[in-house]
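1. heads up, no residue letters with this:
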Ligand code: ADP
Ligand code: NI
């Protein structure tokens, strides 16, 4: 079995009981889009594959906010497979730096491979899948669908963003509609543009239905 096949098995088994937005199928979508994006870029495809497969191996939201847990699990796995220290370091940096958590997140590392995996992960927060994931997450946290009296909060700190329980429609203005301008790669930008338009169509239909048929 190749290293990638072993990693796929490991991730599937680790995520057996993960919630719907971060389950194996999320990883599979990100993995496929990361490979697609990488075809137009000069990069190390092994790092892109390992980074996308391992990027959500443990979510700090479900481990008392411990942000070191994912990188630790990934490192231990890759060490057990005798992967070179250079690749392990790179994959761990990708896992640590991938997330967009509100406006004040400080990036401490950059590479083409990180840009690719980040774009692939962001694409899964956009479009039809992105809408489904947002309402799934909002339901899990018992957020309202929409409340015309509660305005979106822009410029939240990382801590405020994590605690924020405002209605799920606000999340579109707080994060999802901002992503298209943050994409790193050519392919990522193009796909984000299409998914962005679909979300705009969704929002206008949502408001029209909210007002009731006339
Ligand atoms: P990532 O997996 O990229 O680190 P998150 O864990 O923040 O992102 O979010 C996972 C999914 O849940 C994404 O699709 C995101 O849009 C959605 N989500 C995150 N926060 C909220 C929120 N406050 N309300 C609704 N959906 C959310
Ligand atoms: Ni993800």
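-> Received, thanks. Nothing here was measured: the structure is a model prediction, and the numbers come from that model. Ligands and ions are numbered 1, 2, ... in the order given.
2. Skipping its backbone neighbours, what lies nearest residue 97 in space?
-> Leaving aside its chain neighbours, residue 97 sits nearest to residue 109 (4.9 Å; criterion: C-beta to C-beta, 6 or more residues apart in numbering). Heads up, the C-betas are built off the backbone N, CA and C, glycines and all.
3. Quick check: the one you found touching residue 93?
-> Yes. At 4.4 Å, residue 109 and residue 93 qualify as touching, with contact defined as C-beta atoms under 8 Å.
4. pLDDT weak spots in this structure?
-> Along the chain, segments meeting pLDDT under 70 span 60-65, 100-107.
5. Against which helices or strands is the helix or strand harbouring residue 192 packed?
-> Element membership of residue 192, judged by DSSP states H and E, is helix 186-211. Packing contacts for helix 186-211, counted by 3 or more C-beta pairs under 8 Å, 6 or more residues apart in numbering; DSSP states H and E, involve helix 24-38, helix 112-123, helix 127-140, helix 168-174.
6. Kindly report the residues of this structure close to ligand 2.
-> Within the chain, the residues that sit near ligand 2 (C-beta under 5 Å from the ion) are 56, 121.
7. From the centroid of the chain, which residue is nearest?
-> residue 121 (3.9 Å; C-alpha atoms, centre = their mean).
8. What about the nearest residue to that residue once chain neighbours are set aside, how many residues nearby?
-> Closest residue to residue 121 apart from its sequence neighbours, by C-beta to C-beta, 6+ apart: residue 30 at 5.2 Å. By other C-beta atoms under 10 Å, 24 other residues sit near residue 30.
9. now swap in residue 137 and tell me
-> Residues within reach of residue 137, counting by other C-beta under 10 Å, total 18.
10. Check residue 36 too.
-> Neighbour count for residue 36, taken as other C-beta under 10 Å: 15.
11. With residue 129 instead?
-> Residue 129 has 16 neighbours, counted by other C-beta under 10 Å.
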